[in-house]
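**Student:** Need a 3D model of the following:
(one chain, ligands or ions: 2)
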Amino acid sequence: MGGKTKWRLEDIDFGAVKREMVENDDRLFYLLASASFVEILSEVYSENLIMHYRGNADTTLWLKEIWQAEEVQHGRSLKRYVAAVWPEFDWEKSFSGFMAEYAQLCSMDNLESSRALEMMARCVVETGTSTLYRCLHDHVDEPVLKQILRNIKSDEVRHYAKFRRLFIEHNGSERKGAFAVFRVIWKRMIEIHGEDGYIAFKHAYLCRSNHPENLEPEWAKFRKSLNALVIRHYPFRMAVEMLLSPVPLSSYPKKILEKLFIGAARIAVSALSLLNGRITS
Ligand SMILES: [Fe+2]
Ligand SMILES: [Fe+2]
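**Tutor:** Numbering: from 1, shown residues only. Ligands and ions are numbered 1, 2, ... in the order given. A predicted model of the protein is given here:
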């Protein structure tokens, strides 16, 4: 991996981690362990993406030398952090279980046949990671983790910007319309909330707990615990603006859609608040 990343894993002082600030936070453990699995595995699944752009040297070079190197560094830094705070957790064992199950889901069939639309799909994924890491960054107080999350969220926003430029470039010749782009946004958003989060949680949980029979209730508990985090810190406006920005529509209908989606997100947050018992009157 010869890519030049904007920051280096070696520059993070893992010896300075204040364990006592985070070690009892199970929700944080599962979020960080799951993210480390998915990020590190990008070394495997990004090969499919690189193959998809064969013949386009600038794109494949950036994917391999910059994007892939940065995603793997995200995974390695989160793995080191998990090891610093939860040293009893057998990361390798848990990851190998995750990899065996998750790798079956990664194939060329997951990619959009259109090169422009695959770039749009990448924009959706990078919107997901940019907003997730920003949400976590705003939530945590532990200084070393805050620094790692600041680094990662900046990388993810740059990835989004690059994929957005590549989408526009490819769509100059493919001319995919708003309907085709919305179809991709919808499909990928469903996938973000899909199986990989469950698979990652499952392998982290099974490796850590002596009660495999509690997997399903613990997963439900974990999902519920995320609601409070989302309500408090998830940057909905940023997510909507990033998702809609590449859509080939003129600025007026795009502004209306932005307002509609942000309004819908606020209603969803209010509903979540009610479910969490945060609104009392
Ligand atoms: Fe990443
Ligand atoms: Fe990324």
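**Student:** which residues does whichever residue of the stretch 51-200 of the chain sits closest to ligand 1 contact?
**Tutor:** Of all residues in the stretch 51-200 of the chain, residue 74 sits closest to ligand 1, at 3.8 Å by C-beta to the ion. Where you see a C-beta, it was placed from the backbone N, CA and C, and this is true even at glycine. By C-beta atoms under 8 Å, 6 or more residues apart in numbering, residue 74 lies in contact with 35, 39, 152, 155.
**Student:** host element of it?
**Tutor:** Secondary structure from DSSP states H and E places residue 74 in helix 69-85.
**Student:** Residue 181 too?
**Tutor:** Element membership for residue 181 (DSSP H and E) is helix 178-192.
**Student:** Let me know the next secondary structure element after that helix.
**Tutor:** Trace forward from helix 178-192 with DSSP H and E and the next one is helix 195-208.
**Student:** picking that back up, restricted to helices, list the contacts of residue 74.
**Tutor:** Per DSSP state H, helices hold the following members of the contacts of residue 74: 35, 39, 152, 155.
**Student:** of those residues, closest to residue 104?
**Tutor:** residue 39 (18.8 Å; C-beta to C-beta).
**Student:** Show me what the helix holding residue 181 is packed up against.
**Tutor:** With contacts defined as 3 or more C-beta pairs under 8 Å, 6 or more residues apart in numbering; DSSP states H and E, the packing partners of helix 178-192 are helix 115-139.
**Student:** For ligand 2, what's its nearest residue on the stretch 51-200 of the chain.
**Tutor:** Nearest residue of the stretch 51-200 of the chain to ligand 2, counting by C-beta to the ion: residue 159, 3.7 Å away.
**Student:** Low-confidence regions, the stretch 151-281 of the chain specifically.
**Tutor:** Scanning the stretch 151-281 of the chain for pLDDT under 70 picks out 192-194, 272-281.
**Student:** ok, now with 80
**Tutor:** For the stretch 151-281 of the chain, applying pLDDT under 80 flags the ranges 191-195, 265-281.
**Student:** which bits of it sit near ligand 2?
**Tutor:** Residues of the stretch 151-281 of the chain that fall close to ligand 2, judged by C-beta under 5 Å from the ion: 156, 159.
**Student:** Now do the helices in the stretch 151-281 of the chain.
**Tutor:** Using DSSP state H, counting those that start in this stretch, the helices of the stretch 151-281 of the chain run over 178-192, 195-208, 215-233, 236-244, 251-275.
**Student:** Can I get those in TSV including mean neighbour count?
**Tutor:** Converted to TSV, the helices of the stretch 151-281 of the chain look like this (neighbours: other C-beta atoms under 10 Å):
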stretch	mean neighbour count
helix 178-192	16
helix 195-208	20
helix 215-233	14
helix 236-244	19
helix 251-275	13
